[in-house]
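In: generate coordinates for the sequence data below:
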Amino acid sequence: MTEPTRPLTDDELRALEEEYDPEARFRTVTRPIAVLSGIVLFLLAAYHYYTAGFGIPRATTHRGLHMGVSLFIVYLSFSFLARNRHRTDGFAILGVPVTDWLLAIGGAVSAFYVPWIYAQLQFRVGNPLAIDIAMGTVLLVVLMEAVRRSMGWPLPVIAALFIAYAYFGKSMPGILVHPGADWANIVNHLYLTSQGIYGTALGVIATYVFHFVLFGVMAQKIGLGQLFIDLATALTGRFAGGPAKVSVVSSAMLGTISGSSIANTVTTGALTIPAMIKIGFKRHFAAAVEAASSTGGQITPPVMGAVAFLMVEYLGIPLRTILIAAVVPAFMHFFGVLVQVHLEAKRLGIRGLRAEELPKAGKVLREGWLSVFPLVLLVWMLMSGRTPFLSAFWAITACMAVYLIQRVMASGAIEGVKETAAGIYEGFVAGARQSLAVTAAAALVGVVIGVVTLTGVGFKIAFMVTSVAQDWATSFHGLLAVLPFELLSIQTLTLLFTLLMTAVVCVLMGCGVPTTANYIIMVAVAAPVLGMMNIEPLVAHFFVFYFGVLADVTPPVALAAYAGAGIAGANGFKAGNTAFRLSMGKAMVPFVFVFSPSLLLVTQSFTLPDFLLAFSGAVLGIIALSAAITNWMLGPLLLVERMLLPAAALMMIAPEIVSTAIGAAILGMVLLRQYLAGRSGPTPEPAG
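Out: Next up is the predicted model:
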């Protein structure tokens with residue numbers, strides 16, 4: 001294996017992103033198609049920019065237009081097989097196969113059809129015409145193939161299984177049986193109503209997410225991403241394991257404008273991973289740190305990988321409420337990664353960066369403060385109650401203004417204006433292109449949601465899960481009866497087992513399904529499970545979201561970890577396992593805020609004492625678990641200490657005063673023993 005520690009070139013990073021991110025595997029096209037696609041994408045972005053500032057048209061028209069244009073470009077941009085994207089086989093027009101032209105046109109026409117007949121729908125819903133069924137069938141086929149090309153097989157297979165369930169309902173076993181629906185009724189529900197393809201998922205992408213994707217691209221263009229990396233280096237690079245801590249902090253910052261784990265990994269990892277290897281971290285560990293940190297970007301306000309805007313629609317609460325609720329859990333994730341990085345650096349004796357290797361924070365801010373202004377404006381507008389799309393409109397406008405100032409200062413007035421126009425065009429095209437796959441996925445997820453509302457399967461699954469959890473809880477409670485006191489009640493055990501099963505399903509569903517799509521599906525299928533346990537809706541939504549995100553660093557489909565491993569020249573599976581271990585804070589915290597919703601700050605049951613107990617318990621629990629995993633606290637751990645600390649962590653994350661006190665006492669005894677022993681630790685291991 002080669003052992004490069006140099007930063008990768010832009011072409012190498014682009015190739016790496018294409019390798020691990022299906023959404024970036026665009027086909028090689030002829031110049032006429034490139035020009036056509038560029039113009040259409042620019043017009044799509046310009047349309048969304050205009051409507052964000054001056055008003056969005058009727059929902060069905062807006063969603064249909066967005067989906068139709070997106071599907072048309074998907075078939076020009078993605079080939080039938082990703083491995084053949086650099087060549088054209090068979091009969092083609094301008095380098096695009098005729099079949100792709102037919103699918104592109106079919107997708108656009110069938111998407112535009114519903115807005116076109118909208119005025120007549122009130123007379124036809126429930127009694128569709130033959131042409132309605134035909135158009136709906138075409139759109140379903142085109143959507144499945146579009147998602148398969150841009151994201152892979154998992155989501156189309158899931159959608160097909162749900163459609164089969166709706167059709168063959170009478171043949172289903174046990175509680176899953178239902179009257180079934182013929183094809184006309186299925187298409188009617190999924191295509192002609194707002195319960196399916198044209199539902200909330202597509203609406204959120206077209207109304208909110210597109211604008212924030214565009215903002216992220218424009219923010220990167222004005223240098224905000226590089227400023228984050230430089231500032232993180234200046235602030236944290238000097239401490240033990242400096243580049244690893246830079247990776248954590250810079251990825252957290254970049255997460256405020258980027259919702260993609262893989263893009264975040266490639267962007268920051270191009271600099272931080274070689275630096276981590278250079279000072280002594282093992283290659284797989286360097287890749288894992290970057291992947292775990294970058295995955296945390298999806299839970300970082302204000303973008304949160306687009307899920308924040310879906311929560312607004314599903315829960316009917318203001319966006320600022322969701323952003324406030326996300327702050328503490330996001331902090332816990334990055335805190336958990338930082339603790340493990342610090343302990344690993346201490347265990348291996350790895351230094352920080354030298355003074356001459358560090359930029360000056362003051363200089364970084366003086367030179368780049370202007371690029372921070374759009375983000376500050378965005379957050380201020382969101383927190384002051386402005387609509388998300390209007391906030392995005394002004395933030396994008398601020399990015400364009402900053403870019404103009406930068407170009408004029410660098411190149412002069414006339415040349416600067418030309419460069420600004422070209423840059424805005426490139427940014428709008430790139431932003432629209434990044435939204436293609438997620439648009440197709442959101443529309444197809446609408447199929448899953450539609451089947452759930454048509455058949456009521458979500459509540460049937462909820463009943464099955466809670467019944468199994470109650471049986472397990474009863475059995476386990478019997479085993480605990482030997483204790484002289486009741487450690488956990490049957491109700492608590494039932495909730496715990498329900499959460500564990502839900503978490504496992506979320507992670508498995510997230511293997512190959514994008515975070516946004518996974519969240520939408522799990523809200524329809526798993527959230528009713530948590531609702532039956534009397535968990536507040538906001539808490540339930542955050543729980544399924546967090547475990548869906550965890551799939552990006554959970555082998556065998558840990559795409560962010562594999563991208564990091566590609567930069568590091570490391571074993572991808574090993575990097576994925578390590579990234580999962582580093583993300584233990586993210587895995588623990590959802591259980592904390594279920595048992596103590598006060599951790600989310602804005603829940604109905606918030607009280608300051610509950611929050612302080614949950615917060616301190618989570619912090620101490622993360623420290624205890626991190627020490628046990630790393631085998632280091634103030635020095636190497638004894639075997640009995642390494643066995644006791646995970647138990648202490650579990651007791652502290654269950655926010656009850658007795659269990660937290662017991663866990664804290666165990667942690668305190670370990671710390672005291674290590675302090676009194678005055679261990680300096682063995683000679684640090686070579687990083688290899």
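In: switch to C-alpha atoms for all contacts and neighbour counts from now on
Out: OK.
In: show me what contacts the most centrally placed residue in the chain?
Out: Geometric centre of the chain, nearest residue: residue 298, 3.9 Å, by C-alpha atoms, centre = their mean. By C-alpha atoms under 8 Å, 6 or more residues apart in numbering, the contact list for residue 298 reads 255, 258-261, 304-305, 549.
In: now do residue 405
Out: Residue 405 neighbours (C-alpha under 8 Å, 6+ apart): none.
In: look up how far residue 250 lies from the residue nearest to the centre of the chain.
Out: To residue 250, residue 298 is 14 Å away according to C-alpha to C-alpha, to the nearest Å.
In: equivalent analysis for residue 143, please.
Out: For residue 143, the distance to residue 250 - C-alpha to C-alpha - is 36 Å.
In: looking at the two, which one has more neighbours?
Out: residue 250 (29 against 26; other C-alpha atoms under 10 Å).
In: isn't residue 137 right up against residue 185?
Out: No - judged on C-alpha atoms under 8 Å, residue 137 makes no contact with residue 185 at a distance of 11.8 Å.
In: can you tell me which helices and strands the longest helix along the chain packs against?
Out: In the chain, assigned by DSSP state H, the helix with the most residues is helix 319-348. Helices and strands touching helix 319-348, by 3 or more C-alpha pairs under 8 Å, 6 or more residues apart in numbering; DSSP states H and E, are helix 242-254, helix 283-296, helix 307-315, helix 361-383, helix 572-582, helix 584-595, helix 608-630.
In: tell me the pLDDT at residue 85?
Out: You'll see residue 85 listed with a pLDDT of 74.
In: before we move on, back to that, what's the closest of the helices and strands packed on helix 319-348 to residue 79?
Out: Residue 79 lies closest, by C-alpha to C-alpha, to one member of the helices and strands packed on helix 319-348: helix 572-582, at 26.4 Å.
In: mind saving the C-alpha coords of the closest one as PDB?
Out: The C-alpha trace of helix 572-582 is given here as PDB (Å, rounded to 0.1, in the frame of the first residue of the first chain):
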ATOM      1  CA  GLY A 572     -12.100   1.100   4.800                       C
ATOM      2  CA  PHE A 573     -13.800  -1.500   7.000                       C
ATOM      3  CA  LYS A 574     -11.300  -0.900   9.800                       C
ATOM      4  CA  ALA A 575     -11.900   2.800   9.400                       C
ATOM      5  CA  GLY A 576     -15.600   2.300   9.600                       C
ATOM      6  CA  ASN A 577     -15.400   0.300  12.800                       C
ATOM      7  CA  THR A 578     -13.300   2.900  14.400                       C
ATOM      8  CA  ALA A 579     -15.600   5.700  13.200                       C
ATOM      9  CA  PHE A 580     -18.500   3.900  14.800                       C
ATOM     10  CA  ARG A 581     -16.600   3.700  18.000                       C
ATOM     11  CA  LEU A 582     -15.800   7.400  17.900                       C
END
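In: doesn't residue 433 make contact with residue 213?
Out: No - Residue 213 lies out of contact with residue 433 (C-alpha under 8 Å); the separation is 9.8 Å.
In: next one: phi and psi at residue 97?
Out: phi -60, psi 150 (degrees, to the nearest 10).
In: can you give me the pLDDT of it?
Out: You'll see residue 97 listed with a pLDDT of 92.
In: from residue 223, how far off is it?
Out: Counting by C-alpha to C-alpha, the gap from residue 97 to residue 223 is 39 Å.
In: so what's the residue count around residue 633?
Out: Number of residues near residue 633 (other C-alpha under 10 Å) recorded here: 22.
In: please name the nearest non-neighbouring residue to it.
Out: Spatial nearest neighbour of residue 633, chain neighbours left out: residue 627 (5.4 Å); criterion: C-alpha to C-alpha, 6 or more residues apart in numbering.
In: from memory the one you found sits against residue 343, does it?
Out: Yes - taking contacts as C-alpha under 8 Å, residue 627 lies within contact range of residue 343: 7.1 Å.
In: so residue 151 sits against residue 24, correct?
Out: No - between residue 151 and residue 24 there is no contact under C-alpha under 8 Å: 9.3 Å.
In: excluding chain neighbours, what is closest to residue 87?
Out: Nearest to residue 87 is residue 28, by C-alpha to C-alpha, 6+ apart, at 7.2 Å.
In: report pLDDT for residue 579.
Out: Residue 579 carries a pLDDT value of 92.
In: same check, this time on residue 8
Out: pLDDT at residue 8 comes out at 66.
In: then residue 488?
Out: Residue 488 is assigned 67 on the pLDDT scale.
In: in stretch 237-248, which residues are buried?
Out: If you call a residue buried by 16 or more other C-alpha atoms under 10 Å, then stretch 237-248 has these buried ones: 237-248.
In: next, count neighbours for the closest residue in space to residue 269 that isn't next to it in sequence.
Out: Of all residues beyond its chain neighbours, the one nearest residue 269 is residue 290 (6.0 Å), with distances taken as C-alpha to C-alpha, 6+ apart. Residue 290 is flanked by 36 other residues according to other C-alpha under 10 Å.
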